[in-house]
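Trainee: sequence plus the predicted model coming up.
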Amino acid sequence: MKQTSTPPTLIMIFGATGDLAKRKLYPSLYQLYLKGSLEKQFAVLGIGRREWSNEQFIQHIRDSLMTASSNHDHIESFIEHCVYESHDVEDSSSYINLRNKADELDEKFNLQGNRIFYLAMAPEFFGTITDHLKSEGLTDNKGFCRLVIEKPFGHNLPSANILNDQIRQSFPEKSIYRIDHYLGKEMVQNIEVIRFANALFEPLWNSRFISNIQITSSEVLGVEERGRYYEKSGALRDMVQNHMLQMVALLAMEPPISLSTDEIRSEKVRVLRALRPVEGKDVDDYFVRGQYGPDQNGEQKGYRENSNVDPASNTETYVAGKVMIDNFRWAGVPFYIRTGKSMTVKSTKIVVQFKDIPMNLYYNKEHSLDPNLLVIHIQPDEGITLHLNAKKTAQGIDTDSVKLSYSASSVDGINTPEAYEKLLLDCILGDATNFTHWDEVRHSWSFVDKISDHWEKTKDASFPNYSAGTMGPERSDWLLEKEGFEWWPIGELDVEE
Ligand SMILES: NC(=O)C1=CN([C@@H]2O[C@H](COP(=O)(O)OP(=O)(O)OC[C@H]3O[C@@H](n4cnc5c(N)ncnc54)[C@H](OP(=O)(O)O)[C@@H]3O)[C@@H](O)[C@H]2O)C=CC1
Ligand SMILES: O=C1O[C@H](COP(=O)(O)O)[C@@H](O)[C@H](O)[C@H]1O
């Protein structure tokens, strides 16, 4: 089935031999190709350091697609559009070869000079690459030039600032597509629709009716082979600065006056500007950090036992926090967030807990009323569930909790597209709505830096403080308990199909 058709495009992937390209980018491009979203006029120019022949590259893509896709029928025609160029991004002299190759592909596939430069490489190379793309004339083409940048965008605000200044020398903000793959997830995109397309929710979406919002993104996997990266990052920079705060912004923003990229972004920025800064000793009241140790049976190893990890590492693999938004709508409503590695379940869920009704007519000693909840299931299940109270089917007026569920996969009957597929398509179409603007990045770092500054000054002597395979350190329960709340057990809230 043909989706939206796209303009002719050359997609230059820097880091074409790497993990991200193999696991996400080629399968996503192939899916777009299968759906007819890539016209015949497209080409992929893969760039890596290793000296591969074109045949080796094509075999690499074939392997990736054979594993990732269940439809192998069009692999051979797809890879006819893929070409490899060995190139060290630090070698200024070889950009001229790249330019020639890009021009050749332009002509061969009639790409009308449209180019996307996808930087799927370590961030230390981003600035060098963009400098050279401009100085060697790769951006002097007659079509559009877009730059896709992978995370992490800097390590803190000062480094993000430097990086931003550098890439802005070569690309204007409107041509920069900073990836946050959570913004490509179906149910993250659905947050806006649930809020703004339902008369039922929007009038209640404020501090008068909502008592707290909980966002959990838990992973079962540990840090595995990514110790080198993770040691410098930790959960706060890896997940909170980007994905978690983006979800907070989408949940908390005011209705935009239109669905244009600029209007949505500016509402998100206003939320990020309103985040209550947490610094110094206050960090210990608002945030909890954790690091996993081995599990009770010794089957799963602890974080400190991973390769490229300091055996006395102070890096957090878990963060829970209370985020306050100091504006009129959200005064006094805590947004609790938590994310971590090596936890019990792989799950991302948002639980919106409504305030209790003013007087419970149905209260008796045996049972109290459950609060109304709206659960937004981001992954692995996708959908929404509304938890209500209704009369028990029996004599009397006893109440029971009931759930109204919508499961995206069972209703729509299709697998939702992978986040990267949607984001690549958006980029080819020139829609930057689901990418992060510099202002969002700037405010997120500013919030997160104050927390990491405090943590860097103070070692956590209790690390490791949760066992692999559990829901994090006990102190994260205290964070809610002291305010009369508790984490909703996300493992038990699955959407009912
Ligand atoms: N992997 C993932 O799931 C995710 C990755 N990311 C981000 O994506 C980016 C890439 O990650 P990932 O694919 O895992 O990294 P890899 O280490 O697997 O790949 C790195 C790539 O960079 C290339 N490279 C390194 N140095 C040079 C150089 N001097 N000149 C040319 N090419 C070079 C490598 O080429 P060669 O091997 O030929 O030397 C390789 O293709 C990172 O920013 C990461 O943070 C973000 C989210 C998820
Ligand atoms: O960006 C990242 O996200 C993944 C989690 O993504 P998900 O789509 O599987 O929820 C995380 O594992 C990784 O550490 C982080 O860099």
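Mentor: Received, thanks. Ligands and ions are numbered 1, 2, ... in the order given.

Trainee: just say helix, strand or coil for the residue in the stretch 201-350 of the chain positioned nearest to ligand 2.
Mentor: Ranked by C-beta to the nearest ligand atom, the top residue of the stretch 201-350 of the chain for proximity to ligand 2 is Asp238, at 4.7 Å. To be clear about C-beta, it is placed using only N, CA and C from the backbone, and glycine gets the same treatment. Asp238 carries the three-state label helix when classified by DSSP: H, G, I helix; E, B strand; the rest coil.

Trainee: list the contacts for it?
Mentor: Under the criterion of C-beta atoms under 8 Å, 6 or more residues apart in numbering, the contact list for Asp238 reads Pro152, Tyr230.

Trainee: ok, now how distant is it from ligand 1?
Mentor: Using C-beta to the nearest ligand atom, to the nearest Å, one gets 9 Å for the distance from Asp238 to ligand 1.

Trainee: repeat that for Asp439.
Mentor: Relative to ligand 1, and taking C-beta to the nearest ligand atom, Asp439 is found at 21 Å.

Trainee: give me the neighbour count for that residue.
Mentor: Here the count is done by other C-beta atoms under 10 Å, and Asp439 has 16 residues near it.

Trainee: which SS state does the closest residue to Ile264 other than its chain neighbours fall under?
Mentor: When the adjacent residues along the chain are set aside, Ile264 lies closest to Pro256, with 5.0 Å between them (C-beta to C-beta, 6 or more residues apart in numbering). The three-state assignment at Pro256 reads coil, by three-state DSSP.

Trainee: kindly list the main-chain dihedrals of Pro256?
Mentor: Comment: the main-chain dihedrals of Pro256 come out as phi -70, psi 160, following degrees, to the nearest 10.

Trainee: and the pLDDT at the residue of the stretch 201-350 of the chain closest to ligand 2?
Mentor: We have a pLDDT of 96 for Asp238.

Trainee: give me every residue that touches the residue nearest to Ile264.
Mentor: Residues Glu263, Ile264, Ser266, Glu267 are the ones in contact with Pro256 under the rule C-beta under 8 Å, 6+ apart.

Trainee: most neighbours among these, which one?
Mentor: Ile264 leads those on contacts (other C-beta under 10 Å) with 21 neighbours.

Trainee: whichever helix or strand that one is part of - what's its average pLDDT?
Mentor: According to DSSP states H and E, Ile264 maps onto helix 261-273. Here helix 261-273 scores 96 as its mean pLDDT.

Trainee: so does stretch 115-128 get close to ligand 2?
Mentor: No. Using C-beta under 6 Å from any ligand atom, stretch 115-128 never reaches ligand 2; the gap is at least 12.2 Å.

Trainee: that stretch vs ligand 1: in contact?
Mentor: Yes. Stretch 115-128 comes into contact with ligand 1 (C-beta under 6 Å from any ligand atom), by way of Ala120, Met121, Ala122, Pro123.

Trainee: flag every buried residue along the strand or helix carrying Arg195.
Mentor: With secondary structure defined by DSSP H and E, Arg195 is part of helix 186-196. By neighbour count, and taking 16 or more other C-beta atoms under 10 Å as the criterion, the buried residues in helix 186-196 are Glu186, Met187, Val188, Gln189, Asn190, Ile191, Glu192, Ile194, Arg195.

Trainee: in TSV: these, plus pLDDT and distance to Ile116.
Mentor: Conversion of the buried residues of helix 186-196 to TSV gives the following (pLDDT from 0 to 100; distance: C-beta to C-beta, whole Å):
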residue	pLDDT	distance to Ile116
Glu186	94	23
Met187	96	26
Val188	97	23
Gln189	96	21
Asn190	95	26
Ile191	97	27
Glu192	95	26
Ile194	95	31
Arg195	96	31
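
Trainee: give me the nearest residue to the closest residue to ligand 1 within the chain, chain neighbours excluded.
Mentor: Closest approach of the chain to ligand 1 (C-beta to the nearest ligand atom) occurs at Gly18, with a separation of 2.3 Å. Nearest-residue entry for Gly18: Ala120, 5.9 Å, with adjacent residues in sequence omitted and distances by C-beta to C-beta, 6+ apart.

Trainee: repeat that for Thr470.
Mentor: Residue nearest to Thr470 in three dimensions, not counting chain neighbours: Thr344, with 6.2 Å by C-beta to C-beta, 6+ apart.

Trainee: you'd agree that neighbour is up against Val220?
Mentor: Yes. Under the contact definition of C-beta atoms under 8 Å, Thr344 touches Val220, with a separation of 7.3 Å.

Trainee: where do the contact lists of these two overlap?
Mentor: When contacts are counted by C-beta under 8 Å, 6+ apart, Thr344 and Val220 have Gly469 as shared neighbours.

Trainee: so what's Phe125 closest to, chain neighbours aside?
Mentor: In space, Phe125 is closest to Val89, 5.2 Å off (C-beta to C-beta, 6+ apart).

Trainee: count the residues that sit near that neighbour.
Mentor: As a burial measure, the neighbour count of Val89 was computed by other C-beta under 10 Å and equals 21.

Trainee: got a list of what it touches?
Mentor: With contact taken as C-beta under 8 Å, 6+ apart, Val89 is in contact with Phe14, Ile47, Arg49, Met121, Phe125, Thr128, Ile129, His132.

Trainee: quick one: average pLDDT of stretch 324-334?
Mentor: For stretch 324-334, mean pLDDT rounds to 98.

Trainee: buried set for it?
Mentor: Using 16+ other C-beta under 10 Å as the burial criterion, the residues of stretch 324-334 that qualify are Met324, Ile325, Arg329, Trp330, Val333, Pro334.

Trainee: identify the farthest-apart pair in those residues.
Mentor: Largest separation among the buried residues of stretch 324-334 by C-beta to C-beta: Arg329 and Pro334, giving 13.8 Å.

Trainee: distance to Phe287 added to the buried residues of stretch 324-334, as a markdown table?
Mentor: Below are the buried residues of stretch 324-334 laid out as a markdown table (distance: C-beta to C-beta, whole Å):
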| residue | distance to Phe287 |
| --- | --- |
| Met324 | 12 |
| Ile325 | 16 |
| Arg329 | 23 |
| Trp330 | 18 |
| Val333 | 17 |
| Pro334 | 12 |
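
Trainee: got the residues of this protein near ligand 1?
Mentor: 15-20, 48-50, 87-90, 120-123, 150-151.

Trainee: let's go with 5 Å and repeat that
Mentor: Within the chain, the positions adjacent to ligand 1 are 15, 17-20, 48-50, 88-89, 120-121, 150 by C-beta under 5 Å from any ligand atom.

Trainee: now, which of those lie within strands?
Mentor: With DSSP state E as the criterion, strands contain Gly48 from among those.

Trainee: if any of the residues of the chain next to ligand 1 are buried, give me the PyMOL selection for them.
Mentor: In PyMOL, selecting the buried portion of these, with burial taken from 16+ other C-beta under 10 Å, looks like this:
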select buried, resi 15+17+18+20+48+49+89+120+121+150
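
Trainee: closest one of the residues of the chain next to ligand 1 to Tyr182?
Mentor: Nearest to Tyr182, judged by C-beta to C-beta, of those is Glu150 at 13.5 Å.

Trainee: pLDDT wise, what is the closest one at?
Mentor: The predicted local confidence for Glu150 comes out at a pLDDT of 93.
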